[in-house]
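Enquirer: Structure here, sequence nowhere to be found:
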């Protein structure tokens with residue numbers, strides 16, 4: 001297919017330096033960054049989501065970062081609509097869109113060109129489903145989804161209340177499951193010509209060590225204060241389900257020590273990284289760079305540049 005929009009992407013598990021590499025590539029190839037992180041979209045969540053600081057952005061425009069209120073709902077369809085618009089606007093300015101993030105479903109839906117139908121929502125139904133999650137727990141809602149759409153249930157974590165609610169809502173309103181809706185939407189080829197770079201470690205222990213160090217740094221930067229704000233949200237809010245925040249809730253209730261809460265954040269972050277690796281390793285076309293095979297970030301950058309130059313994107 002000719003005339004497709006060039007898009008670079010930097011993906012992989014948490015704590016691998018995706019944002020840093022994306023910024024360096026944007027500076028080298030004349031680009032702008034589009035976030036693919038389901039938590040960095042929220043305003044007020046900077047520490048626990050590793051939202052890039054102004055210094056880390058180095059003057060590179062970043063899109064879809066910190067623009068949404070903590071209690072506002074946000075779907076994959078919302079992401080694809082906004083991210084696709086951002087990619088097209090960046091390309092129209094003759095800049096290279098650089099997608100960066102570890103939310104695999106966002107990346108896949110965007111880069112594959114999934115065309116979601118216009119959303120027909122039912123606010124009353126959505127409210128009753130969220131109330132059920134508050135009353136009976138997220139697992140009860142997930143089991144309901146699994147009863148009629150096991151494919152979507154297998155893809156979604158039970159604690160991801162927002163997406164589970166959306167999948168149930170789609171079926172109740174349209175009579176078609178979310179998995180079937182997404183299958184139908186993939187009929188058209190992607191409008192994007194993609195170069196996808198994956199960052200990881202050969203040695204899983206080194207990845208876990210990087211995660212532990214990142215959490216320690218977040219604690220120094222005020223993670224507990226941020227978690228307290230999330231603790232005050234309704235439990236069905238998407239932000240209240242985020243790793244790095246919900247693990248502190250027992251501490252705030254006096255049921256766990258601070259040290260135990262921090263250890264739980266590290267454990268859950270390592271488990272999440274494992275799920276991210278499983279997801280991205282199944283994605284076709286990812287070009288992996290293993291950080292423990294590179295003597296330093298300069299070599300990571302050189303290898304990434306070679307991948308983009310192979311696409312003929314040299315400026």
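Expert: Arrived safely. This is a predicted model, so every value here is computed, not measured. Numbers count the residues shown, from 1 in each chain.
Enquirer: nearest spatial neighbour of residue 38, skipping sequence neighbours?
Expert: residue 103 (4.3 Å; C-beta to C-beta, 6 or more residues apart in numbering). The C-beta positions use only the backbone N, C-alpha and C, and glycine is treated the same way.
Enquirer: hmm, I was thinking of residue 99
Expert: Distance criterion C-beta to C-beta, 6+ apart; nearest residue to residue 99, sequence neighbours excluded, is residue 9 at 4.1 Å.
Enquirer: Check residue 141 too.
Expert: residue 133 (4.8 Å).
Enquirer: What is the burial count for that neighbour?
Expert: For residue 133, the count of nearby residues is 23 (other C-beta atoms under 10 Å).
Enquirer: Tell me who's in contact with it.
Expert: 140, 141, 161, 164, 165, 235, 236 (C-beta atoms under 8 Å, 6 or more residues apart in numbering).
Enquirer: mean confidence for the strand or helix carrying it?
Expert: Take DSSP states H and E as the rule and residue 133 turns out to sit in helix 123-136. Average pLDDT, helix 123-136: 89.
Enquirer: could you check the angle helix 123-136 makes with the helix or strand that that helix is followed by?
Expert: Using DSSP H and E, the helix or strand that directly follows helix 123-136 along the chain is helix 138-148. Using axes from the mean of the first three to the mean of the last three C-alpha atoms, to 10 degrees, the inter-axis angle of helix 138-148 relative to helix 123-136 is 120 degrees.
Enquirer: Who are the packing partners of the helix or strand just after helix 138-148?
Expert: Toward the C-terminus, helix 138-148 is succeeded by helix 150-155 as the next helix or strand (DSSP H and E). Contacts defined by 3 or more C-beta pairs under 8 Å, 6 or more residues apart in numbering; DSSP states H and E place helix 150-155 against helix 138-148, helix 161-174, helix 178-185.
Enquirer: what about those helices, which gets the closest to residue 52?
Expert: Relative to residue 52, the nearest member of those by C-beta to C-beta is helix 161-174, separated by 23.5 Å.
Enquirer: mean confidence for that closest one?
Expert: 87.
Enquirer: got the contact list for it?
Expert: 73-76, 120-122, 125-126, 129-130, 133, 138, 141-142, 144-145, 148-149, 152-153, 156, 158, 176-178, 181, 236, 238, 241.
Enquirer: Repeat the analysis, applying 6 Å as the threshold.
Expert: Residues outside helix 161-174 that contact it (C-beta atoms under 6 Å, 6 or more residues apart in numbering): 73, 75, 120, 122, 125-126, 129, 133, 138, 141-142, 145, 152, 156, 177-178, 236, 238, 241.
Enquirer: Drop anything exposed from the contacts of residue 133.
Expert: 141, 161, 164, 165, 235, 236 (16 or more other C-beta atoms under 10 Å).
Enquirer: could those residues go into CSV alongside distance to residue 292?
Expert: Output for the buried ones among the contacts of residue 133, formatted as CSV (distance: C-beta to C-beta, whole Å):
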residue, distance to residue 292
141, 40
161, 36
164, 36
165, 40
235, 39
236, 40
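Enquirer: Tell me the one among those nearest to residue 41.
Expert: So of the buried ones among the contacts of residue 133, ranked by how close each gets to residue 41 (C-beta to C-beta), first place is residue 161, at 15.8 Å.
Enquirer: So what pairs up with the nearest residue to residue 91 once chain neighbours are set aside in the strands?
Expert: Spatially, and ignoring its direct neighbours in sequence, residue 91 is nearest to residue 5 (4.7 Å; C-beta to C-beta, 6+ apart). Here residue 5 shows beta-bridge partners residue 192, assigned using DSSP bridges.
Enquirer: so how many other residues sit close to residue 5?
Expert: By other C-beta under 10 Å, neighbour count at residue 5 equals 17.
Enquirer: domain assignment for the chain?
Expert: Split into domains by automatic domain parsing, the chain comes to 5-115+188-222+276-309, 123-185.
Enquirer: Mind putting these into CSV with distance to residue 258?
Expert: CSV is the format used below for the domains of the chain (distance: least, C-beta to C-beta, whole Å):
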stretch, distance to residue 258
domain 5-115+188-222+276-309, 9
domain 123-185, 22
